[in-house]
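Trainee: Predicted model and sequence below, questions to follow.
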Amino acid sequence: MFQIFERINTGGRTLKAQEIRNCVYQGVCNDLLFELNKNDKWRFVLGIQKEDNRMFDLELILRFFAMSELIKRDEIKTKQINLAKYLNNYMGDKSKAAEYEIVKMKESFINMITACADTYGKNAFRNLKGDTDVFTTKLNPAIFDAISVATLFAIEKGVFDSKVDYTQRYIDLLRNNEFKDVTSHRTTNTDNIIRRISLAAEKIYGVKYERSV
């Protein structure tokens, strides 16, 4: 069915991947994405109050959930993921999730985005411009993976401290050569995905990223 929607042209334009998922994978997970996309902290970090009619903002939320669970899914055993296919599979798996699971997902996202918005402000999930201390205005998806998942992990482990200013550690992470490499090359390689999350968890929050029991 997903392949059929890929060939549909709407008003002279081809549907984006998340628009297709919105059609194909109706259910509690899709409803949750729409609900969370209105979150004030999320809109603040994105820097755009109006929801994206091509659903890139929704896809980022889905990406957060999918990347946060990659470490315990079968896809982690592969050398590389096809991102679009992985997000399709993940959303399909969650389309009929139990209520308690949806509640936990909602809580996880809200806790993560609140922490990131309050700590990093509009610089959250952004890279630095060259060798300066100036942040780019555009959100970087690979950095989003690392910071969002590492922050959630730190919260769940009880090591995130809202009173601590993590900004300098964040800047130092962005300057780390290994982090630069795993956020700019082979970004869908599973080792690189886990490594960039691990570096963020270690360098910013001082915790080792590992599969939760």
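Mentor: Yep, it's here.
Trainee: Relative to residue 48, how far out is the most centrally placed residue in the chain?
Mentor: Using Cα atoms, centre = their mean, the residue of the chain that lies closest to the mean C-alpha position is residue 64, 2.7 Å off. According to Cβ to Cβ, to the nearest Å, residue 64 and residue 48 sit 17 Å apart. Where you see a C-beta, it was placed from the backbone N, CA and C, and this is true even at glycine.
Trainee: What average pLDDT does the helix ranked longest in the chain get?
Mentor: Residue-count comparison of every helix in the chain, with assignments taken from DSSP state H, identifies helix 99-120 as the longest. Along helix 99-120, the predicted local confidence has a mean pLDDT of 98.
Trainee: For it, list every residue counted as buried.
Mentor: Buried residues in helix 99-120, defined by neighbour count with 16 or more other Cβ atoms under 10 Å: 102, 105, 108, 109, 112, 113, 114, 115, 116, 117, 119, 120.
Trainee: and the longest strand seen in the chain, how far from the chain's centre?
Mentor: With DSSP state E applied, the strand covering the greatest number of residues in the chain is identified as strand 135-139. Taking the mean of its C-alpha atoms, strand 135-139 sits 16 Å from the chain's own mean (Cα atoms, centre = their mean, to the nearest Å).
Trainee: Parallel or antiparallel, list what pairs with that strand.
Mentor: strand 126-128 (antiparallel) (DSSP bridges).
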